[in-house]
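[1] take a look and give me a structure for this.
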Amino acid sequence: MNKRPFTFLDNEKILVAPSILASDFSKLGDEIRRVENAGADIIHVDIMDGHFVPNLTIGPPVVESARKTTPLPFDVHLMLTNPFNFVESFAKAGADNITFHIECLDDIDRTICEIRRFGCSVGLSVKPKTPVEKIFPFLEKIDLILIMTVEPGFGGQSFMSDMMGKVSNARQAVGNIKKPVHIEVDGGIDEKTVMTAVVAGANMIVAGTSVFKNKKGADYAIAAIHSAQEVFRTSF
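    Numbering: from 1, shown residues only. This is a model prediction of the structure:
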């Protein structure tokens, strides 16, 4: 399977990644095609183990089935205590980018190397209580910083605006190196909060409830997030 790692995506472009956690799993294929047709750039897949976060979601077989429904790149977010053990299975199931948490129990460098070994780009994430600076020693080795703007575990939570300082610090750190790195935010993002995130420096936007359950439709929701492009352009 040909990978579409995020190294090929423009980190100066606003990219929308609907999270299937908010979709109707009884018709997952149709839901993915719906947001693809509405203009999504990426499909975001949340993997939770019930240990690292207080919830269980899906495993590689579901990702493999979903992979058949769309050519869009898959952004697989491993909210796992031991992500290293699952890199191979999710990479083979169809992940294009694999993001794991700096707070996990596995060796960070070893896990980065394992993700690279399977042709995927690499993201590192921080929970709300973790300083984003914990990621900076690995900045030259990764392609994405994911800053959680809610406590990870469940969809539909309110956006934590006090995380924007982390986003700004991450954007500044990325600007100090020559390697392009995406700044991603996840949690409580909609047409209003996206503007706050973009001004702070985010370019990759995970949105679940505000896309899949938007009363005006996914087309409207995704277009509204994409409209933050001009704000981003004039801010950076």
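
[2] name the helix or strand for residue 205, please.
    Residue 205 belongs to strand 204-207 when assigned by DSSP states H and E.

[3] hmm, who's touching that strand?
    11, 14-19, 42, 44, 75, 144, 146, 182-187, 189-190, 194, 197-198, 221-222, 225, 228 (Cβ atoms under 8 Å, 6 or more residues apart in numbering). For every residue, glycine as well, the C-beta is placed using N, CA and C.

[4] in strands, which of those residues appear?
    15-18, 44, 75, 144, 146, 182-186 (DSSP state E).

[5] next, the buried residues of stretch 109-126.
    111, 112, 114, 115, 116, 120, 121, 122, 123, 124, 125, 126 (16 or more other Cβ atoms under 10 Å).

[6] and what of stretch 175-182?
    181, 182.

[7] just the mean pLDDT for that stretch, thanks.
    For stretch 175-182, the mean per-residue pLDDT is 93.

[8] pretty sure residue 100 sits in a strand.
    Yes: counting by DSSP: H, G, I helix; E, B strand; the rest coil, one finds residue 100 located in a strand.

[9] shouldn't it be in contact with residue 81?
    No: counting by Cβ atoms under 8 Å, residue 100 stays clear of residue 81, with 10.3 Å between them.

[10] which of the two has more neighbours?
    The residue with more neighbours, out of residue 100 and residue 81, is residue 100; 29 against 16, by other Cβ atoms under 10 Å.

[11] nearest spatial neighbour of that one, skipping sequence neighbours?
    residue 83 (3.9 Å; Cβ to Cβ, 6 or more residues apart in numbering).

[12] separation between the one you found and residue 210?
    According to Cβ to Cβ, to the nearest Å, residue 83 stands 27 Å off from residue 210.

[13] export the longest helix seen in the chain to CSV, keeping only CA atoms.
    The helix that spans the most residues within the chain, counting by DSSP state H, is helix 164-175. What follows is helix 164-175, C-alpha atoms only, in CSV (Å, rounded to 0.1, in the frame of the first residue of the first chain):
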residue,chain,number,x,y,z
MET,A,164,-3.2,28.5,22.9
GLY,A,165,0.0,29.4,24.6
LYS,A,166,1.2,25.9,23.8
VAL,A,167,0.2,26.3,20.2
SER,A,168,2.1,29.7,20.0
ASN,A,169,5.2,28.2,21.6
ALA,A,170,5.1,25.2,19.2
ARG,A,171,4.7,27.5,16.2
GLN,A,172,7.7,29.6,17.3
ALA,A,173,9.8,26.5,17.9
VAL,A,174,8.9,25.1,14.4
GLY,A,175,9.9,28.5,12.9
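
[14] against which helices or strands is it packed?
    Counting contacts by 3 or more Cβ pairs under 8 Å, 6 or more residues apart in numbering; DSSP states H and E, helix 164-175 packs against strand 144-148, strand 182-186, helix 193-200.
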